[in-house]
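Undergrad: Could you work out the structure for the sequence below:
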Amino acid sequence: MSENGVKFAYWVPNVSGGLVVSGIEQRTDWSYEYNRDLAVLAENNGFEYALSQVRYLASYGAAYQHESTSFSLALLLATQRLKVIAAVHPGLWQPGVLAKLIATASHLSGGRAAVNVVSGWFKGEFTALGEPWLEHDERYRRSEEFIRVLRASWDTGEFQGDFYRLHGYDLKPKPVGAPEIFQGGNSTAARAMAGRVSDWYFSNGKDYDGVSEQIAEVSKAAQDNGRRVRFGLNGFMIARDTEKEARETLREIVAKADVPAVQGFRDAVRQAGASTGDKRGMWADSSFEDLVQYNDGFRTKLIGTPEQVAERIVEYRRRGVDLLLLGFLHYQEEVAYFGEHVLPIVRELEADLVES
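TA: Numbering: from 1, shown residues only. Below is the predicted model:
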């Protein structure tokens, strides 16, 4: 693969209920055995990254959840090349302790362990664990310190901040290389934070104009800080032999949506968007249909034949997307279909783009 080619990640289904809040059949499973086999399949079908989700409570269709860092380590040990990103919440982790865990995982996996710092939208998880719930911009300020402490733990062992402090923290062994640090968010605070400290910025599902606007703003923030940030975009892929079949699958997913669960999720996340001063937070403008895939994955419109999906992927790459974070209805079958039918077209179109 060309170094400039778009990279692919997948959402690890380590929580029950699949990746859509719908009664439609989803031939996927949250068990370790299923996910172990999926991880091996994925790294052999063009995926370089996997993201383990983090949920602490039964919520919005996810009745059961495997913890993200331990599950990520298990997948790292089951694979040879796949980089596995564990999602974590500041406020529920002490960053120096997490830095130690990631350093160990890095050694056990040959440097393939990464972390996604999630500032948090689900107040109930914090209150259930007896932790304070900070207002929106304070959560991002804490997350920025959290990332700075991770890096300081792997370096000098010294840090003084408002939320965290290190005093001669002599962490050994250090990780193999510098673990990649991801973050998400849509708000002004999230974009500015990414420009200052993160390696990767994850976006919820977006159309072309939406992702271009986001990339431009975060890139400017990074440039102002003498840095470069890479961009990941969420997308739910429905690639089928015919466009009609793909569109019918989407229609059925939405028609069979778990309405109370989607409405409950919508009510919970609306405060995440509305609580920001400029109303730019995540899910601020998401419709009911968008939230059936809980990270707006339908909005990326990776729906159609392999050719149609590949063309859209390459256009996102042309606009600055470095990585597509994908979800599927039937994981194992569709990851294999992606590797056989979609990925070769993507690489061919990328080659044509370079030559032109």
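Undergrad: Three-state assignment for the most far-flung residue of the chain relative to its centre, please.
TA: Farthest-out residue of the chain from its mean C-alpha position, per CA atoms, centre = their mean: residue 168, at 32.7 Å. The local conformation at residue 168, judged by DSSP: H, G, I helix; E, B strand; the rest coil, is coil.
Undergrad: who's in contact with it?
TA: Residue 168 makes contacts with 157, 158, as judged by CB atoms under 8 Å, 6 or more residues apart in numbering. Yep, even glycine has a C-beta here, placed from its N, CA and C like the rest.
Undergrad: now residue 181: how far from residue 252?
TA: For residue 181, the distance to residue 252 (CB to CB, to the nearest Å) stands at 38 Å.
Undergrad: Comparing these two, which residue is more hemmed in?
TA: residue 181 (19 against 15; other CB atoms under 10 Å).
Undergrad: so what's the more buried one up against?
TA: Taking CB under 8 Å, 6+ apart as the criterion, residue 181 is in contact with 114, 115, 116, 117, 147, 150, 151, 197, 198, 199, 200.
Undergrad: Go through these and give me the one with the most neighbours.
TA: residue 115 (29 neighbours).
Undergrad: Surely it forms part of a helix?
TA: No: Residue 115: not assigned to a helix; according to three-state DSSP it is strand.
Undergrad: got the phi/psi numbers for the residue farthest from the centre of the chain?
TA: Residue 168 has phi and psi values of phi 60, psi 40 when expressed as degrees, to the nearest 10.
Undergrad: Quick check: it vs residue 338, distance?
TA: Taking CB to CB as the measure, residue 168 falls 48 Å from residue 338.
Undergrad: One more: residue 266?
TA: For residue 266, the distance to residue 338 equals 29 Å [CB to CB].
Undergrad: And stretch 328-343, how far out from the chain middle?
TA: From the chain centre to the centre of stretch 328-343 is a distance of 18 Å (CA atoms, centre = their mean, to the nearest Å).
Undergrad: what about the helices in the protein?
TA: Listed in chain order, the helices of the chain (DSSP state H) span 32-43, 68-78, 95-109, 123-128, 136-153, 188-197, 208-224, 243-255, 259-274, 288-291, 306-318, 331-337, 343-355.
Undergrad: burial count for the nearest residue to residue 145 once chain neighbours are set aside?
TA: Distances taken as CB to CB, 6 or more residues apart in numbering put residue 161 closest to residue 145, at 4.4 Å, once the chain neighbours are dropped. Other residues near residue 161 come to 15 when the count uses other CB under 10 Å.
Undergrad: Residue 161 against residue 146, yeah?
TA: No: Residue 161 is not in contact with residue 146 according to CB atoms under 8 Å; the separation is 9.3 Å.
Undergrad: Can you list the neighbours in contact with stretch 242-252?
TA: Residues outside stretch 242-252 that contact it (CB under 8 Å, 6+ apart) are 24, 238, 239, 240, 298, 303, 304, 305, 308, 329.
Undergrad: partner residues bridging the third one?
TA: This points to residue 239. residue 304 (DSSP bridges).
Undergrad: List the buried residues in stretch 331-339.
TA: In terms of neighbour count (16 or more other CB atoms under 10 Å), stretch 331-339 has its buried residues at 331, 332, 334, 335, 337, 338, 339.
Undergrad: could I get those residues as JSON lines with distance to residue 79 and pLDDT?
TA: As requested, the buried residues of stretch 331-339 are arranged in JSON lines below (distance: CB to CB, whole Å; pLDDT from 0 to 100):
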{"residue": "331", "distance to residue 79": "15", "pLDDT": "98"}
{"residue": "332", "distance to residue 79": "15", "pLDDT": "98"}
{"residue": "334", "distance to residue 79": "19", "pLDDT": "98"}
{"residue": "335", "distance to residue 79": "13", "pLDDT": "98"}
{"residue": "337", "distance to residue 79": "20", "pLDDT": "98"}
{"residue": "338", "distance to residue 79": "17", "pLDDT": "98"}
{"residue": "339", "distance to residue 79": "15", "pLDDT": "98"}
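Undergrad: Kindly indicate which of those residues lies nearest residue 322.
TA: Set against residue 322, the nearest of those by CB to CB is residue 338 (17.9 Å).
Undergrad: which ones are touching the closest one?
TA: Contacts of residue 338 (CB under 8 Å, 6+ apart): 8, 45, 46, 237, 239, 326, 328.
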